[in-house]
Structures are given as C-alpha cells and as structure tokens.
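Engineer: no letters, just coordinates:
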C-alpha cells in the first residue's frame, strides 16, 4: 500500500514537472533569446543554450544604448518605492483609526471607503485626467505616485490585522499617558509589521508592473517607467528580438528577486486576503 | 444631610460626565486625524471622479476644445453607444472573454489539489505556476508577441515541424486573435487562483476525509462530496472577482494587439481608452465608463444575492 501511494506521487510529480516546464517555456525562451545573436533567435530547432553568445552586447545595448534602461529603472524604482512607503503609511493609519479608535463617525466612514473598492479604476480615469491637467499634476512622478497611495485594499487588509491586536495593549498605554500617535507608531505598528510587509511587497509588485496609469498620466520620455520604456523600446527596435528579450528579462528580474525574498509573505498575503491588484 | 450627599455626588457625576465627553471628543479628533489622509485621497481621487464620470456621460465634449466646447446632450451618448458597431463588438468580445474564468478555475483547482497532497517539491511548483502572475504583463505580452510570430515564431515553427502546413496566424488573424489573448490570460491567471485554492484546501478539516475513508468512499466521491462543496465559497469568490477582472483587461490588449486585427480583440476598456485618450471624446467615453461601472455593480450585487443560495460556509 505504502509503495503504491509513493509511486503515484512520483508519477504525479513527474507529470506536473513536465507541465510546469511547458508553462515556463516562454520565460526560458525569453532568457535564451536575450543571450543570442539576432540571427539565431528564430533558428529552429530552438537553441536553448546559444551557440554563439551575444549576451554582453545585447544587455549593454539595452542598459546603455540609445534608450538607456538605467534611467527608466531609476524612475520605476523611485515611483514604486515612494508609492509603497506612502501607501503603507496612509493605509496603516486609516486601518488603526478604523479599528482601534472608537469614534461615532468611524463606522460610516469605513463603509464609504470600503464601497469605493468596487469602483473600477478605469471608470474614473477621465475625470482624474482632467483634474490632473488642471492642477498641474499631469506628467509628473509625484502625480503618478499619488494615484497609487490611497489603497482601500491595503486599509482593509491591515484593519483585519489591527483588529486582532488586544485592546489591553492600547488601554494600558493610554493609562501610562501615551497619545494615539505614540501608541500607533511605538506599539501597534510594530506588532502588525508582518502584515505591512506583505502588503508592501504586493503594492511594490503591482506598482512596478502597472502600465495603464503611466500610459495615461506620463507623457515625457524622461519620466517613463520601465513598462512604458519596454513598450517604446520594443516598437523602436522592431525586428531586434534579442534586444527586446534582453529588455523584457531586465524588466522582470527585480520582481523575481523581490518575490524570491518575500515568497512566503506574498503567497500568504494572496491566500489570506484573496487579494487582487 | 442626605441632600448634601446627593448634591455632592451629582456634581461628581457631572464632572465625570464632563471628563468623559471631553475624552470622547478627543477620541473623535484622533480618529478623524488618523483616517483623514485616506479620506481626503479617496474623496478627491475616487468619489469626486465617480460623480464627474456620471455628469460627463451626459455631455459631448472634445477635450481639446476647452470648456466652451462642452455641450449637454442628455442620454444621447448612451443611445449612440448601442448603435456603435465598435462598441457592440467590444462588448461581445468582453462576454466571450468571460469564458477564460471557468477554464482557469478548473485548471487551478486541479493543480491545487495535486500540489496540496499528491506531489513532491510543493514549493517549486507553487513558484513555477505563480511566475506568470508575478511577471510584468508588458514583458510577457511582448514575449508572446514574438512567440506567436506568424512565420518565424517558435510556436508556428514547432507546428510546421509537426507537419501542419498552414498553422494559424494567432494574434495576426482576426479569427484566432481573441482566443490567443484569452489563452495568455489563462496562463497569467492560473498562479493566482491556484494559490487561493491551496489556501482553501488547507482549511478543510482532515477528519472529513478520514471519516469518508472509513466509510469506503473513493477519491472521486470524496472530491464530489467533500472537496467541491467545502471549496464553494472560494470558487464563488474567484468566479466573481475573475469575471470583474475580465471587464478590466487592458494591458494585454494594449501591448499585444491594440484591439486589432479588425477589432477582433477590442475589449470594453480598450475601446474606452481609445475613445477618451486617443480620440479625446471625453463625454462619449464617460458613458462607456458608466456602463463599465454598471456591470461591476451588477456582478457585485449578484454576489451578495448569490452567495446565500449555493455557497456553503
């Protein structure tokens, strides 16, 4: 019996492994194409490991060439990091206010905020665009960052965790004379730090990957985020697929690093919250 | 004697009440202070724009013309929409796109069940199937664009090597473009749904299966009678959020096909974007935004009604 169970498990593993290779094929192809001479990209049968390596030339063209990726990388890092930091602070503060401070308007305000979660972002982009044009936030990183800072989802997620904190912590701190501001930063926030970290990773990934907001709200080349730059790079370099693939690899690698580092919290965050950007 | 006592205690309670109301006021201020950044942001960037979208949907306005060019047209935008062939096509494509949801739900469930109990290397598989979800849509769309290249692309080279003389032209062929985009969307969505299903599976009590084992129920019966019903809240949640997300598909279409060829991959949000930000017809696009909002509202409403009917908690 034991033996048979194990055998079936091995078979299932092998099958799933084969399927996963098929599933990951586009990534392997992308990676190998990014190392190749342009003339080898479409050779068939596919050379998974290139015969003649052209990796250094390809990547230096992407990073230092006419359309230098280091600039757009910097833009994306700036936008993603600042969005994440501000969004976490704003959401954590709101989550604390809605869960640990007992004030009459709180419940109603929370319901209003929660209700806006239903609103599809794309249904309100036109007024946002008009607003931005009129108050001078259009075509600026600051404006782009602001758009990602007020996440209802983050507030909702963190509120769940703040609710799990015992009120005694807060009561005893109050008796000791601490105000809410101090309680929040010195007691509550550190206690929910794992949840904040999970949300921060997700927010970073979503912001890094966002295409539509930068597409609409950024116009100048020099402010492009990596996603806009990728698209532009692909259309400019048209037939140079090895270069385009090197650009694609470059755009994905930071995500992979962050995902690998925070794998557990990303998966848990998705599983617990059932959340979606 | 007794009267002095009562008057004393009265002033005391007054004092306490005073203190209490002061405390309450302080709490209210603290509360408002903590939630105010969020509230201000949501008000300016979400609530006001919702109202503005509704208002603009009754106007005819080309953004370039300035405020003077704004004309109120009542419900004309909406009646025009339903005679607009491009809009009808986009809407139809959106409904076809919904078929991705049951497909990736089924695949994700199967994968989740296998990974949960029946394989080794669980964490490898979790990461492997999660990769497309974590990667940027722009990058994967560009990769697929090349893979689907009609003559030189690896996909068709492979098909030709199998002896298929005229493989489909994928995203270049109006008949295959939408299914191709849907396929990529399934590929991207599987990881996320699988992770949520895995969490659902882990919350099913083990003794249910033990009891079923004792009763001699086989794997299929256990799946039908325990796993599926116990997962119904998860399935329902994923179904609803999945359908809503099909109404928001943009990146894939924008990078891969730009709605083409011959509008075969034009989806609601793509057409909205094209009308608003390329053709600058703000009022007309706003009426599409209202319809988008309406769909999301209806689906969310159905979720509230539906969950009581067939979801087991």
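Structural biologist: Sure, I can see it. What you are looking at is a predicted structure, and each value in this text was computed from that prediction instead of being measured.
Engineer: buried residues in the helix or strand where residue B:157 lies?
Structural biologist: Counting by DSSP states H and E, the element that carries residue B:157 is helix B:154-161. Neighbour-count burial for helix B:154-161, with 16 or more other CB atoms under 10 Å in any protein chain shown as criterion, is recorded at B:154-157. Any C-beta I mention is one placed from the backbone N, CA and C, and that applies to glycine too.
Engineer: the helix or strand just after it - what's its average pLDDT?
Structural biologist: Counting by DSSP H and E, the element after helix B:154-161 in chain order, helix or strand, is helix B:174-202. Mean per-residue pLDDT for helix B:174-202: 92.
Engineer: neighbours around the closest residue to chain A within the stretch 151-300 of chain B, how many?
Structural biologist: Per CB to the nearest CB, residue B:199 is where the stretch 151-300 of chain B lies closest to chain A, at 3.3 Å. Residue B:199 has 19 neighbours, counted by other CB atoms under 10 Å in any protein chain shown.
Engineer: isn't it right up against residue A:271?
Structural biologist: Yes - the pair residue B:199 / residue A:271 is scored as a contact, 3.3 Å apart, by CB atoms under 8 Å.
Engineer: the buried residues of helix B:154-161: which ones sit near chain A?
Structural biologist: B:154, B:157 (CB under 8 Å from any CB of the partner chain).
Engineer: phi, psi for residue B:60 please.
Structural biologist: Main-chain torsions, residue B:60, degrees, to the nearest 10: phi -110, psi 120.
Engineer: any idea which residue sits dead centre in the chain?
Structural biologist: No chain was given, so I picked chain A. Nearest to the mean C-alpha position of chain A, counting by CA atoms, centre = their mean, stands residue A:205 at 1.2 Å.
Engineer: should've been chain B
Structural biologist: Closest-to-mean residue, chain B, CA atoms, centre = their mean: residue B:245 / 2.6 Å.
Engineer: doesn't that one belong to a helix?
Structural biologist: Yes - if the criterion is DSSP: H, G, I helix; E, B strand; the rest coil, then residue B:245 is within a helix.
Engineer: quick one: it and residue A:246, what's the gap?
Structural biologist: Taking CB to CB, to the nearest Å as the measure, residue B:245 falls 30 Å from residue A:246.
Engineer: what sits against residue B:306?
Structural biologist: residue B:236 (CB atoms under 8 Å, 6 or more residues apart in numbering or on different chains).
Engineer: which element is it on?
Structural biologist: Here residue B:306 is assigned to helix B:282-310, by DSSP H and E.
Engineer: gap between that helix and the chain center?
Structural biologist: 12 Å (CA atoms, centre = their mean, to the nearest Å).
Engineer: so who does residue 195 touch?
Structural biologist: Defaulting to chain A. A:157-158, A:160-161.
Engineer: correction: the question concerned chain B.
Structural biologist: By CB under 8 Å, 6+ apart, the contact set of residue B:195 is A:267, A:270-271, B:126, B:130.
Engineer: now do 6 Å
Structural biologist: By CB atoms under 6 Å, 6 or more residues apart in numbering or on different chains, residue B:195 lies in contact with A:267, A:270-271.
Engineer: take these and lay them out in a markdown table including secondary structure and neighbour count.
Structural biologist: Listed next are those as a markdown table, based on DSSP: H, G, I helix; E, B strand; the rest coil; neighbours: other CB atoms under 10 Å in any protein chain shown:
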| residue | secondary structure | neighbour count |
| --- | --- | --- |
| A:267 | helix | 20 |
| A:270 | helix | 23 |
| A:271 | helix | 17 |
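Engineer: now for chain B, the helix or strand with the poorest mean pLDDT.
Structural biologist: Using mean pLDDT, DSSP states H and E, the weakest-scoring helix or strand in chain B turns out to be helix B:2-42, at a mean of 75.
Engineer: and the following helix or strand past that one, what does it pack onto?
Structural biologist: On the C-terminal side of helix B:2-42, the closest following helix or strand by DSSP H and E is helix B:48-56. In terms of contacts (3 or more CB pairs under 6 Å, 6 or more residues apart in numbering or on different chains; DSSP states H and E), helix B:48-56 is packed against helix A:125-135, helix B:282-310.
Engineer: contact partners of stretch A:242-250?
Structural biologist: With contacts defined as CB under 6 Å, 6+ apart, stretch A:242-250 is touched by A:30-31, A:33-34, A:36, A:38, A:41, A:58-59, A:61-62, A:69, A:230, A:233-234, A:237, B:139, B:142-143.
Engineer: list the buried residues for stretch A:112-121?
Structural biologist: Within stretch A:112-121, the residues scored as buried using 16+ other CB under 10 Å are A:113, A:116, A:119-121.
Engineer: how far does stretch B:251-262 sit from the chain's center?
Structural biologist: 19 Å.
Engineer: and the helix holding residue B:157, how far out from the chain's middle?
Structural biologist: On the basis of CA atoms, centre = their mean, helix B:154-161 sits 34 Å off its chain's mean C-alpha point.
Engineer: what does stretch B:203-211 give?
Structural biologist: Mean C-alpha position of stretch B:203-211 versus that of the full chain (CA atoms, centre = their mean) differs by 32 Å.
Engineer: before we move on, what about stretch A:215-232?
Structural biologist: Chain-centre distance of stretch A:215-232: 17 Å, with CA atoms, centre = their mean.
Engineer: show the average pLDDT along that stretch.
Structural biologist: Averaged over stretch A:215-232, pLDDT sits at 92.
Engineer: please apply the same query to stretch A:191-206.
Structural biologist: In the prediction, stretch A:191-206 has an average pLDDT of 89.
Engineer: what does stretch A:144-158 give?
Structural biologist: Here the average pLDDT along stretch A:144-158 is 91.
Engineer: off-centre distance for the strand or helix carrying residue B:241?
Structural biologist: Assigned by DSSP H and E, residue B:241 belongs to helix B:228-246. Put simply, helix B:228-246 sits 11 Å off its chain's centre (CA atoms, centre = their mean).
Engineer: near chain A, which residues of the stretch 1-150 of chain B show up?
Structural biologist: Within reach of chain A by CB under 6 Å from any CB of the partner chain, the stretch 1-150 of chain B has these residues: B:27-28, B:30-31, B:34-35, B:37-38, B:41-42, B:46, B:49-50, B:52-53, B:114, B:118-120, B:125, B:128, B:134-136, B:138-139, B:142-143, B:146.
Engineer: of the residues you listed, select the buried ones using a ChimeraX command.
Structural biologist: Buried members of these can be picked out in ChimeraX with the line below, counting by 16+ other CB under 10 Å:
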select /B:27,28,30,31,34,35,37,38,41,42,46,49,50,52,53,114,119,125,128,134,135,136,138,139,142,143,146
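Engineer: and residue B:259, its phi and psi?
Structural biologist: With angles defined as degrees, to the nearest 10, residue B:259 sits at phi 80, psi -10.
Engineer: dump the residue contacts of it.
Structural biologist: Counting by CB under 6 Å, 6+ apart, the residues that residue B:259 touches are B:265-266, B:270.
Engineer: try it again at 8 Å.
Structural biologist: Counting by CB under 8 Å, 6+ apart, residue B:259 touches B:253, B:265-267, B:270-271, B:274.
Engineer: that older thread, briefly note if the helix holding residue B:241 comes near chain A.
Structural biologist: Yes - applying CB under 8 Å from any CB, one finds helix B:228-246 touching chain A at B:234, B:237-238, B:241, B:244-245.
Engineer: could you tell me the least trusted of the helices and strands packed on helix B:48-56?
Structural biologist: Out of the helices and strands packed on helix B:48-56, helix B:282-310 stands lowest, with a mean of 86 (criterion: mean pLDDT).
Engineer: buried stuff in it?
Structural biologist: Across helix B:282-310, burial judged by 16+ other CB under 10 Å covers B:282-293, B:295-296, B:299, B:303.
Engineer: angle of that helix against helix A:125-135?
Structural biologist: 130 degrees (axes from the mean of the first three to the mean of the last three CA atoms, to 10 degrees).
Engineer: mean confidence score for the helix or strand that contains residue A:246?
Structural biologist: Using DSSP H and E, residue A:246 sits in helix A:241-261. Here helix A:241-261 scores 89 as its mean pLDDT.
Engineer: again with stretch B:124-141
Structural biologist: Stretch B:124-141 comes out at a mean pLDDT of 90.
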